[in-house]
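J.: Fold the following.
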Amino acid sequence: MKSDWERLLGLGPKFMGTRSADKAASFLAEQLSIAGYEVMRQEFSYLGWVLKGEPYLKIIRPVARRVEAYPFLWSGSTGSGDTAGNISGQVVYLGKHNIWGMYDWDKFAITDESGAILGYISGRPAGPAIPQVLSHGSSRLPHFIVGESTLRELHEWIGRNLDPIVEGSIWCEYAPGTVGANIIGRPRVKSPGQRVVVSAHYDTMYNTSGGYDNAAGSACLLELARRLSKDPVAGTVEFVFFGAEEWALAGSKAYIQAALESGNMRDIKALLNLDGVGRGDELEVWVGPEPFETVVQGLIRETGKTSGREVVYKFPPPPGSDHAPFYTEGIPVCMLTFNDQPILHRPEDGYDEKKLQNMAFTVDLAERLARAFSEPAFLAVPGPVLGSGLNMQ
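T.: The predicted structure is shown next:
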């Protein structure tokens, strides 16, 4: 597992649409095949987005300096064609910007002398600047992200009527119809019947090799696939490495759409998702519906081995990962994560021995859960379930 993790880290940022992401997908497919699985490359199209130059944001007034800032994925551009361009204007507070349906960030407009909006700034209230996706889709205007220190200064300057002015550039372009891929490993059986899906995403944001998010989860999933190949479960477990998770879950949404179109959605008993194996001692279990949470709690309690780690359950499961499209369709889901917000989507998210220790714990627990979920007699949601779906959207 360590060597797989190092191999994925060595590819650098695995931003969807880049050669590094393609190399990661090919490596994972090759390793699944070596482990004895039937491998399928499930392609899908999505709205691509390419940075063409180095973005920047400068404070012009009341102090002159450059600040750390990143563009949102799917931000609009300050330039066109072969010209990067820039914008300059006064910063005014607008209100809130919800990220992933999970976080409320403060939002500002960059305005010209007439008050027309030239672009936006969103501020992360806890931690440094990080890239995120515009979960509502593309924007025609450039949209910057700053961290808590710059956010605090903007509020202070506006509160003192100092009318802050900034200058910035985001040179980017959209690429409609970009093709991504999910890598799927299935046991070589004639009639798989009902299956448990175990997943991790292999893509990263554009600025990080993603040691925690999510090269670690991918390495854990690959190790689990090898274990279950050597010592198969009674039922069927399918392994899926999702692409384009950072692109508002484009890969997992494509997987669910394909399952709906083929009519085999009911064959999915449950989803176990591995996303983010950080450095902390708190394991978060994002799980739903509530009867399934009770089942998962019992299985984890039966292991009796948390090695000093605290287990915290989150119901309903927050929507910020590849389990969300499954949950929307009424499929029981469970995600395991050691959340590590200080390095999320940061360049410093690389190799760390504490992550490796938590990876060993994660894959052991994931194996226990996958074996239990795949038992033919296992009921993810005991008793009657009302309604055909959870309709989270």
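
J.: Quick one, grab the pLDDT at Asp4.
T.: Asp4 is assigned a predicted lDDT (pLDDT) of 98.

J.: number of nearby residues for the residue nearest to it when sequence neighbours are not counted?
T.: What sits nearest to Asp4 in space, not counting adjacent residues and going by CB to CB, 6 or more residues apart in numbering, is Ala219, at 4.3 Å. (Glycine included, C-beta is placed from N, CA and C.) Residues lying near Ala219 (other CB atoms under 10 Å) number 30.

J.: can you give me the strands for the stretch 101-250 of the chain?
T.: Applying DSSP state E, counting those that start in this stretch to the stretch 101-250 of the chain gives strands spanning 103-111, 117-123, 143-146, 165-169, 172-186, 195-201, 236-242.

J.: Tell me how far the residue lying closest to Asp213 once chain neighbours are set aside lies from Tyr327.
T.: Here the nearest residue to Asp213 in space, its sequence neighbours aside, is Gly276; by CB to CB, 6+ apart that works out to 4.9 Å. Going from Gly276 to Tyr327 by CB to CB, to the nearest Å gives 17 Å.

J.: Looking at these two, which is more packed in?
T.: Neighbour totals were compared for Gly276 and Tyr327, and Gly276 leads with 28 against 24 (other CB under 10 Å).

J.: any idea which helix or strand carries the more buried one?
T.: strand 268-277 (DSSP states H and E).

J.: tell me the mean pLDDT for that strand?
T.: In this model, strand 268-277 carries a mean pLDDT of 97.

J.: which residues sit against the helix or strand just after that strand?
T.: Under the assignment DSSP H and E, the closest C-terminal helix or strand after strand 268-277 is strand 282-288. Residues from elsewhere that reach strand 282-288, judged by CB atoms under 8 Å, 6 or more residues apart in numbering: 273, 293, 296, 300, 306, 309-318, 321, 323, 327, 332-339, 358, 361-362, 365, 390.

J.: Run a quick check on Trp171 versus Thr78, I expect a contact.
T.: Yes - Trp171 is within contact range of Thr78, at 6.4 Å (criterion: CB atoms under 8 Å).

J.: so what sits against both of these two?
T.: Joint contacts of Trp171 and Thr78 (CB under 8 Å, 6+ apart) are Ala84, Gly85.

J.: more crowded one of the two?
T.: Each of Trp171 and Thr78 has its neighbours counted (other CB under 10 Å); Thr78 has more, 24 against 21.

J.: need the contact list for that one.
T.: Here Thr78 is in contact with Ala84, Gly85, Asn86, Ile87, Gly119, Pro142, Gly168, Ser169, Ile170, Trp171 (criterion: CB under 8 Å, 6+ apart).

J.: Counting by contacts, list what the helix ranked longest in the chain packs against.
T.: Ranked by residue count under DSSP state H, the longest helix found in the chain is helix 353-374. Here helix 353-374 touches helix 2-10, strand 195-201, helix 216-230, strand 236-242, strand 268-277, strand 282-288, helix 290-303, strand 333-338, going by 3 or more CB pairs under 8 Å, 6 or more residues apart in numbering; DSSP states H and E.

J.: Counting neighbours, which bits of stretch 343-358 end up buried?
T.: Residues of stretch 343-358 classed as buried by neighbour count (16 or more other CB atoms under 10 Å): Ile343, Leu344, His345, Arg346, Asp349, Asp352, Lys355, Leu356, Gln357, Asn358.

J.: can I assume Leu344 is in contact with Asp213?
T.: Yes - if you go by CB under 8 Å, Leu344 and Asp213 touch, sitting 6.0 Å apart.

J.: Overlap in contacts, those two.
T.: With CB under 8 Å, 6+ apart as the test, Leu344 and Asp213 both reach Gly276.

J.: And for Thr240, the neighbour number?
T.: Let me fix one detail, which is that residue 240 is Val and not Thr. Around Val240 there are 24 residues (other CB under 10 Å).

J.: Ok, Glu261 next?
T.: Neighbour number of Glu261 under other CB under 10 Å is 9.

J.: Now name the helix or strand holding it.
T.: Assigned by DSSP H and E, Glu261 falls in helix 250-262.

J.: Buried residues, that helix. List them.
T.: Ala250, Gly251, Ser252, Lys253, Ala254, Tyr255, Ile256, Ala259.

J.: can those residues go into a markdown table with extra columns for distance to Ser229?
T.: As requested, these are exported to a markdown table (distance: CB to CB, whole Å):
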| residue | distance to Ser229 |
| --- | --- |
| Ala250 | 29 |
| Gly251 | 23 |
| Ser252 | 23 |
| Lys253 | 28 |
| Ala254 | 26 |
| Tyr255 | 22 |
| Ile256 | 26 |
| Ala259 | 23 |
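
J.: coming back round to it: mind checking which of the contacts of strand 282-288 are buried?
T.: The buried subset of the contacts of strand 282-288 (16+ other CB under 10 Å) comprises 273, 293, 296, 300, 309, 313, 317-318, 321, 323, 327, 332-339, 358, 361-362, 365, 390.

J.: Good, wrapping up.
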